[in-house]
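**Q** Here is a sequence together with a model predicted from it:
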Amino acid sequence: MFITVEGLDGAGKSTQAQILAQNLEKRGYQVVLAREPGGTKISEAIRNLLLDPRQETMASSTEVLLYAAARAQLVEEVVYPALQRGQVVICDRFVDSSIAYQGYGRGISLDFIITVNHHATRGLVPDLTIYLDIDPAAGLERVRQAGKTDRIEGETETFYRRVRQGYLALLEQNPKRIIKVRADRRVTEIAEEIWSYVERELRI
């Protein structure tokens, strides 16, 4: 099974992905936990470039292609092999992030993003996507309280409001795959709700 966790920066994706992985492992599942961009030597190198605040002149189309390149390497090196071994793969972000951030946030053609990522992932689509929904202002406040921000996290609240609209549009278009979970609650409460959806999907 391929599960992705999505949401704005500050929504708590990484924390919830880790908790979900632990819950699955406790029940005997073999789990591979990955993040985007990253997860392989090549993808991590691309991540460093993408998130470097000094890269102020990066074109939005370059951003799309770099994310897709990092994703292609992750899929080939980590995701597909793990799925073929019968493992559960949990990925912190996937194609939905590119659609929300570069499509709705940056205004890049959705058709371009979808086409590029279709080739990058060989058409791989998650079985289940957990979307952690948070108000953009609250998410940014969490990020900035945590310390130094990266190139994407340094964007404006207006940008993040466009990104959130992108996620909500994806939710409306994919109601069977994407589950919306409120991220403005206690970590344990959020984790329990996420587990209820995953448990149902796996028919444990």
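**A** Cool, the structure landed.
**Q** what's the burial count for residue 65?
**A** By other Cβ atoms under 10 Å, the residues close to residue 65 number 17. Every C-beta, even on glycine, is put in place using the N, C-alpha and C of the backbone.
**Q** Hmm, it is touching residue 117, no?
**A** No - with contacts counted by Cβ atoms under 8 Å, residue 65 stays clear of residue 117, the gap being 10.1 Å.
**Q** Can you show me the strands along the chain?
**A** 2-7, 31-35, 88-92, 128-133, 178-182 (DSSP state E).
**Q** just so I know, which of the ones you listed lies nearest residue 52?
**A** strand 31-35 (16.8 Å; Cβ to Cβ).
**Q** that older thread, most packed of the strands of the chain?
**A** strand 2-7 (a mean of 25; mean count of other Cβ atoms under 10 Å).
**Q** what packs against that one?
**A** helix 13-26, strand 88-92, helix 95-98, strand 128-133 (3 or more Cβ pairs under 8 Å, 6 or more residues apart in numbering; DSSP states H and E).
**Q** what would the strands of the chain look like in TSV with distance to residue 48 and mean pLDDT?
**A** Shown next, in TSV, are the strands of the chain (distance: least, Cβ to Cβ, whole Å; pLDDT from 0 to 100):
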stretch	distance to residue 48	mean pLDDT
strand 2-7	22	98
strand 31-35	13	97
strand 88-92	17	98
strand 128-133	25	98
strand 178-182	29	98
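**Q** Tabulate the ones you listed (a markdown table), appending distance to residue 196.
**A** Shown next, in a markdown table, are the strands of the chain (distance: least, Cβ to Cβ, whole Å):
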| stretch | distance to residue 196 |
| --- | --- |
| strand 2-7 | 14 |
| strand 31-35 | 18 |
| strand 88-92 | 16 |
| strand 128-133 | 11 |
| strand 178-182 | 10 |
